[in-house]
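A.B. asks: Predicted model, plus sequence, below.
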Amino acid sequence: VETSLPPTANSEAAKPIVLGFSQLGSESTWREANTASIREAAGEAGITLILKNAGQDQQKQFDAIRSFIRSKVDVIAIAPVVQSGWETILLEIKQAGIPVILLDRSANVEDSSLYVTFIGSDFYEEGVKAAKYVIDKMRHHSGVINIAELQGTVGSTPSIDRGRGFRKMIGDKQNFRITVTAPADFTQSGGREVMKRFLQQPREKWSHVLYSHNDDMAIGAAEAIIEAGLIPGTDIIIVSVDGTRRAFEQMAAGRINAVVECNPLLGPLLMQAVKEIMAGRTLPKRMVTPEGIYTQELAGMEMENRKY
Ligand code: GYE
């Protein structure tokens, strides 16, 4: 006689992990790809995802996180809009006994036991790469090279570090100087508006180079440059960060000169980290995504391979 056992009585083991993710906003193409990657990876990993989008508002991130605490999620992941002001809320999470993963952007806290790991790009290195490109590209240009800069969201890790890395590289070069700089919140419309203002200033302020902290702002700026009767990529050398398909198209068309890659597809790495934490394993405090830089030469070919 065959005896069949009831299907897994131990439902505890089969209970899916619940992850609360506070996404900072939907300001850019990068962000859309990041959100999509996280949703998709959660589905594939069998992790129940509660994702709340804060529309670039830190207070809304706090509200989302408190709701995660109330519903007793297993792990909380946060992409912080700005890097300051996180102590209190991280302490609340710690007191609730919930592990925290910082994703994409960092939070500036003295007590590093307030989070398990920070997964994301090295933004300082991205700034360094952008500056190296500019220095190399302009090496035959005699005289001073004026650089306009479009910053991202004020107080955000990528904007702070992309600015620092870039300045570090040009700092000891006599003939490179940033003549005008302003934040444009990482949005295309912001980039366009701020570039318009730059272009109303005397020429030496905005020519010869534009360094944009992301692709969306660079694309917006290129629109403003065209409207002013100039040719982006020729009259003004443009370098930006992210490496979205849209930026590659612009590069292939000659309107952007170089793009430093910043990978938004962090979903699989995040889910892996969540599972490691739930299995009680230790994770490195910092996990950095490997990235490169692309120029017009390869843009046409590489465009097809872009996943975001
Ligand atoms: O570069 C920008 C987005 O935090 C790395 O945020 C991210 C940045 C990205 O809005 O496009």
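C.D. replies: Nice, thanks for sending it over.
A.B. asks: Can you show me the helices along the protein?
C.D. replies: With DSSP state H, the ranges of helices along the chain come out as 11-14, 29-45, 58-70, 87-95, 123-137, 157-171, 188-199, 203-206, 215-227, 245-252, 267-278, 296-303.
A.B. asks: can you list the ones you listed in JSON lines and add distance to residue 115 and mean neighbour count?
C.D. replies: Backbone N, C-alpha and C define where each C-beta goes, glycine included. Converted to JSON lines, those look like this (distance: least, CB to CB, whole Å; neighbours: other CB atoms under 10 Å):
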{"stretch": "helix 11-14", "distance to residue 115": "27", "mean neighbour count": "8"}
{"stretch": "helix 29-45", "distance to residue 115": "17", "mean neighbour count": "19"}
{"stretch": "helix 58-70", "distance to residue 115": "12", "mean neighbour count": "17"}
{"stretch": "helix 87-95", "distance to residue 115": "7", "mean neighbour count": "15"}
{"stretch": "helix 123-137", "distance to residue 115": "18", "mean neighbour count": "21"}
{"stretch": "helix 157-171", "distance to residue 115": "14", "mean neighbour count": "21"}
{"stretch": "helix 188-199", "distance to residue 115": "30", "mean neighbour count": "21"}
{"stretch": "helix 203-206", "distance to residue 115": "40", "mean neighbour count": "14"}
{"stretch": "helix 215-227", "distance to residue 115": "28", "mean neighbour count": "24"}
{"stretch": "helix 245-252", "distance to residue 115": "31", "mean neighbour count": "22"}
{"stretch": "helix 267-278", "distance to residue 115": "11", "mean neighbour count": "20"}
{"stretch": "helix 296-303", "distance to residue 115": "34", "mean neighbour count": "15"}
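A.B. asks: so which of those gets nearest the ligand?
C.D. replies: Taking CB to the nearest ligand atom, helix 29-45 is the member of the helices of the chain nearest to the ligand, at 3.5 Å.
A.B. asks: Any residue of that closest one touching the ligand?
C.D. replies: Yes. Shown here: helix 29-45 in contact with the ligand (CB under 6 Å from any ligand atom) through 30-31.
A.B. asks: Report the mean per-residue pLDDT for that helix.
C.D. replies: For helix 29-45, the mean pLDDT works out to 98.
A.B. asks: what's that helix packed up against?
C.D. replies: In terms of contacts (3 or more CB pairs under 8 Å, 6 or more residues apart in numbering; DSSP states H and E), helix 29-45 is packed against strand 18-23, strand 48-53, helix 215-227, helix 267-278.
A.B. asks: go again using 7 Å as the cut-off
C.D. replies: strand 18-23, strand 48-53, helix 267-278 (3 or more CB pairs under 7 Å, 6 or more residues apart in numbering; DSSP states H and E).
A.B. asks: Show me the contact partners of it.
C.D. replies: The contact list for helix 29-45 (CB atoms under 7 Å, 6 or more residues apart in numbering) reads 19, 21, 23, 25-26, 49, 51, 104, 214-216, 242, 244, 246, 262, 264-268, 270-271, 275, 308.
A.B. asks: so which of these are also by the ligand?
C.D. replies: Contacts with the ligand within those, counted by CB under 6 Å from any ligand atom: 104, 214, 242, 262.
A.B. asks: How about the contacts made by the last one?
C.D. replies: Applying CB under 7 Å, 6+ apart, one finds that residue 262 lies in contact with 30, 121, 126, 241-243, 291.
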